[in-house]
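> Got a predicted structure here, sequence first:
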Amino acid sequence: MATLLRVSRLPCLPPRSQFGGGRLISYSATLPGGRSPGLNLLYPGHIPTSPLQKALLAVGAACMALYDPYRHDMVAVLGETTGHQALKALRDQMRRDPEGAQILQERPRIQLSTLNLNKLRNLPEGSFGWEYAHFLDVNKVSPDTRAPTRFVDDEELAYVIQRYREVHDLLHTLLGMPTNMLGEVVVKWFEAIQTGLPMCVLGAAFGPIRLSAKKLKVLTSELIPWAVQNGQNSRCVLNLYYEQRWEQPLETLREELGISPPPSGWTGRTQSPNR
């Protein structure tokens, strides 16, 4: 843990800087007084860690995430320290897909600084952009709440997991799921099937323990089968250049991806009554 403590004292790098646009960039951290810790950082904010350090971080993050599923910082650490193989598989899927390869090359980001929310709000009702802006407004969430990547020791894979985080709310929009615990568990089941990330599997498996008996019945009888079926049948959601699809009707986008509408009783925008 001594190395971790030394790393934690490094000066903070800009957490929202762009990844290298497809180019490998090495950042050399410098301590106050011009002293170098001898670390080559692969991207701004990168914290190199050994396998043992990753394991310790993963255990601690898993415990905290299970105790409080809304600790998104701990969920982020868990994803970064356990997801190497899954991220490689996702990266390879993106490389094989023309749209996914374009995303890897151009490195778009979904943040308030890159979105024109007023423009999205003024799109026709039912368009993907309008539905996404409506989702953000109704649920009072912001795309800027996603944690920056820290512990992935590969620049390209670091972008892949950052992209996964930033499209999470877009998946809520596509699936018609709210941001309460029930909605989050449903999205996690979909993401677990789609991505194979251990943190998604963990969230899907243990998230339901906090639900009431009524919601658990709805989850197991209706929502999990629907989420699993869509996760298996739909196109890889990281291969969609969402920023170029704002004007597309949500329903046609779902059809293109192979995602069926939510089960009856879900509006597709907010949580319906009595759920």
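That came through, no problem.

> Can you report how many residues lie near residue 188?
Here the count is done by other CB atoms under 10 Å, and residue 188 has 26 residues near it. For the C-beta atoms, the positions are set from N, CA and C on the backbone; glycine is no exception.

> pretty sure it is touching residue 200, no?
Yes: between residue 188 and residue 200 there is a contact at 5.4 Å, judged by CB atoms under 8 Å.

> Could I get the contacting residues of the closest residue to residue 248 other than its chain neighbours?
Excluding the flanking residues, the one nearest residue 248 by CB to CB, 6 or more residues apart in numbering is residue 128, at 5.2 Å. Residue 128 makes contact with 173, 242, 245, 246, 247, 248, 249, 250, 253, according to CB atoms under 8 Å, 6 or more residues apart in numbering.

> Among those residues, name the buried ones.
When neighbours are counted using 16 or more other CB atoms under 10 Å, the contacts of residue 128 contain these buried positions: 173, 242, 245, 246, 249, 250, 253.

> Looks to me like the fourth one is in a helix.
In other words, residue 246. No: membership of residue 246 in a helix is not supported by DSSP: H, G, I helix; E, B strand; the rest coil, which gives coil.

> so what's it up against?
Contact criterion CB under 8 Å, 6+ apart gives 120, 123, 127, 128, 129, 132 as the residues in contact with residue 246.

> Between those residues, which sits nearest residue 80?
Within the contacts of residue 246, distances to residue 80 taken as CB to CB reach their minimum at residue 132, with 25.5 Å.

> That closest one: neighbouring residues, count only.
Per other CB under 10 Å, the neighbour tally for residue 132 reads 26.

> Work out for me the element it sits within.
Residue 132 is located in helix 128-139, with elements delineated by DSSP states H and E.

> What's the mean pLDDT across that helix?
Over the span of helix 128-139, the pLDDT mean works out to 96.

> buried ones in it?
If you call a residue buried by 16+ other CB under 10 Å, then helix 128-139 has these buried ones: 128, 129, 130, 131, 132, 133, 134, 135, 136, 139.

> Now these in TSV, please, with extra columns for distance to residue 75.
Compiled in TSV, those are given as follows (distance: CB to CB, whole Å):
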residue	distance to residue 75
128	26
129	27
130	29
131	25
132	22
133	25
134	25
135	20
136	20
139	18
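
> The helix holding residue 132: what's the following helix or strand?
Elements were assigned by DSSP H and E; along the chain past helix 128-139, the next helix or strand is helix 155-166.

> now the angle from the helix or strand just after that next one to helix 128-139?
Of the helices and strands lying after helix 155-166 in sequence (DSSP H and E), the nearest is helix 168-175. Angle of helix 168-175 versus helix 128-139, following axes from the mean of the first three to the mean of the last three CA atoms, to 10 degrees, is 110 degrees.

> which strands and helices sit next to helix 168-175?
With contacts defined as 3 or more CB pairs under 8 Å, 6 or more residues apart in numbering; DSSP states H and E, the packing partners of helix 168-175 are helix 128-139, helix 181-195, helix 250-257.

> Just the buried residues of the helix or strand just after the longest one, please?
Read that as helix 181-195. Scanning forward in sequence from helix 181-195, with DSSP H and E defining helices and strands, the next element found is helix 198-206. Using 16+ other CB under 10 Å as the burial criterion, the residues of helix 198-206 that qualify are 198, 199, 200, 201, 202, 203, 204.

> what angle separates helix 198-206 from helix 155-166?
Compare the direction of helix 198-206 with that of helix 155-166 by the same axes, to 10 degrees and you get 30 degrees.

> okay, the buried residues of helix 198-206 in JSON lines with pLDDT and distance to residue 161 next?
Written out in JSON lines, the entries for the buried residues of helix 198-206 read as follows (pLDDT from 0 to 100; distance: CB to CB, whole Å):
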{"residue": "198", "pLDDT": "94", "distance to residue 161": "12"}
{"residue": "199", "pLDDT": "91", "distance to residue 161": "10"}
{"residue": "200", "pLDDT": "93", "distance to residue 161": "11"}
{"residue": "201", "pLDDT": "94", "distance to residue 161": "15"}
{"residue": "202", "pLDDT": "90", "distance to residue 161": "15"}
{"residue": "203", "pLDDT": "90", "distance to residue 161": "15"}
{"residue": "204", "pLDDT": "92", "distance to residue 161": "17"}
